[in-house]
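[1] My questions concern the predicted model and sequence given below.
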Amino acid sequence: MDVYTLFPTISTAFIVISAVLVAIGWTLIIKGRREAHKKTMIAAAVAALLFFIIYMSRTIFIGNTAWGGPDNLKVYYHIFLIFHIVLATVAAIFGITTLVLGFKAKYAKHRKWGRTTSVIWFFTAITGVAVYVLLYMMYPGGHTKPVWEVILGA
């Protein structure tokens, strides 16, 4: 495994870990185990943050992977990728909001936001894994330049 696939594999693993922890946290709160729920959801947020740090570091220093599949699927992949990116952005904003509401003990709002946020995060994780499978398993693609090289003209 080279640097072009190592970081995406690790970051995708953090997406999956985060989604699994959210599911566990949801189960814990249904069972009334607030403290365990809180710890689990914080761990889920940390896993999501680690994903983001690894993804952004890779994008800045290594670059992203270009579509390597057939041209007739490229437009569908890009539509799917845009859907995933929008979903991930919404999930991040909702996730931060849900965490803040929980920390401020605004539990009624936290509960409402949490239900929606969890579902959005599950779809984000599923589509993130699908993007990984498409780019690194089914149709390995080429790599673009790191952002810093593009900015500096290197």
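    Done, it's in.

[2] Now do the buried residues in stretch 64-75.
    With burial defined by 16 or more other Cβ atoms under 10 Å, the residues of stretch 64-75 counted as buried are 64, 65, 67, 68. Every C-beta, even on glycine, is put in place using the N, C-alpha and C of the backbone.

[3] Could you do stretch 111-120 as well?
    For stretch 111-120, by 16+ other Cβ under 10 Å, it's 113, 114, 117, 118, 120.

[4] Check stretch 13-30 too.
    Neighbour-count burial for stretch 13-30 [16+ other Cβ under 10 Å]: 13-19, 21-23, 25-26, 28-29.

[5] For the buried residues of stretch 64-75, could you give me CSV that also reports distance to residue 81 and pLDDT?
    Listed next are the buried residues of stretch 64-75 as CSV, based on distance: Cβ to Cβ, whole Å; pLDDT from 0 to 100:
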residue, distance to residue 81, pLDDT
64, 10, 85
65, 11, 88
67, 9, 89
68, 13, 90
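
[6] Count the residues that sit near residue 152.
    8 (other Cβ atoms under 10 Å).

[7] do you know how far it is from residue 21?
    38 Å (Cβ to Cβ, to the nearest Å).

[8] Repeat that for residue 103.
    17 Å.

[9] for the buried residues of stretch 111-120, which one is nearest residue 49?
    Within the buried residues of stretch 111-120, proximity to residue 49 (Cβ to Cβ) peaks at residue 117, which comes in at 15.0 Å.
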